[in-house]
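Asker: Just a sequence and a predicted model for now, questions to come.
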Amino acid sequence: MRVAILPIGVVDKAATENVRIELCKVIPKTFCVVLENVIPIPQGAYSSTRHQYNSSRILAKMPDFVENCDAELVLGITDVDLYVLHLNFVFGEAECPGRFAIISLSRLRPEFFGQPPDRALFHERSVKEAVHEIGHTLGLHHCHNPKCVMFFSNSLLDTDRKASTFCEMCYPLVMKRISVG
């Protein structure tokens, strides 16, 4: 399976590269590449009342920027704070199942919440959210196992508690989707 990582706006290159490397380790039979082009954050995605960006609007525009990309899946990575209607924020969003997903690095940084920077923790959280959203593109829904990467993260406590890997129930589903795809 080929996964293209699409930078959206100004994005932390080290975090993006770490996600690329770790996705290949966590998801079997996967080759990841970071696309050269950095796309702008689509106009109309910003909400001046929320001071956040609507992830659904960004997700909808992603296909316009990867027309010649031969990857089966495209993961957008941005550094802006994301939301969807009826939620205060999201770490990411994906088509389920589908080809496109997006994650935000913004709230994954400890300093977002006034804590000291912790690069290792930030990279770990970024990988977990990337794997989670790729899982959705493969058709997986949220898992009830709090240690599974597919567990819904309502807060960073949930993200920090879960692993970056799929549980024994979700892993066979991933393998089935990858083998069929």
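Answerer: Arrived safely, thanks for sending. Numbering: from 1, shown residues only.

Asker: what's the weakest-modelled helix or strand in the protein?
Answerer: When each helix and strand of the chain is scored by mean pLDDT, DSSP states H and E, helix 170-180 comes last, with a mean of 90.

Asker: Can you give me the buried ones in that one?
Answerer: The neighbour-count check on helix 170-180 (16 or more other CB atoms under 10 Å) flags 170-171, 173-174, 177 as buried. To be clear about C-beta, it is placed using only N, CA and C from the backbone, and glycine gets the same treatment.

Asker: three-state assignment of the residue of the chain positioned farthest from its centre?
Answerer: Ranked by distance from the centre of the chain (CA atoms, centre = their mean), the top residue is T49, with 24.6 Å. Assigned state for T49: coil (three-state reduction, DSSP: H, G, I helix; E, B strand; the rest coil).

Asker: change the start of the numbering to 78 and stick with it
Answerer: With 78 as the first residue, the last one maps to T126.

Asker: do you know how far it is from Y160?
Answerer: Distance of T126 to Y160, computed by CB to CB, to the nearest Å: 11 Å.

Asker: ok, now which ones touch the nearest residue to R238 once chain neighbours are set aside?
Answerer: Using CB to CB, 6 or more residues apart in numbering and skipping residues adjacent in sequence, the residue nearest R238 is P223, 5.8 Å away. Contact partners of P223, counting by CB atoms under 8 Å, 6 or more residues apart in numbering, are 235, 238-239.

Asker: Turn those residues into TSV, columns for distance to T155 and pLDDT.
Answerer: Output for these, formatted as TSV (distance: CB to CB, whole Å; pLDDT from 0 to 100):
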residue	distance to T155	pLDDT
D235	21	97
R238	24	98
K239	22	98
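
Asker: CSV for the residues you listed, including distance to K138, neighbour count and secondary structure?
Answerer: Output for the contacts of P223, formatted as CSV (distance: CB to CB, whole Å; neighbours: other CB atoms under 10 Å; DSSP: H, G, I helix; E, B strand; the rest coil):
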residue, distance to K138, neighbour count, secondary structure
D235, 28, 14, helix
R238, 33, 12, helix
K239, 29, 22, coil
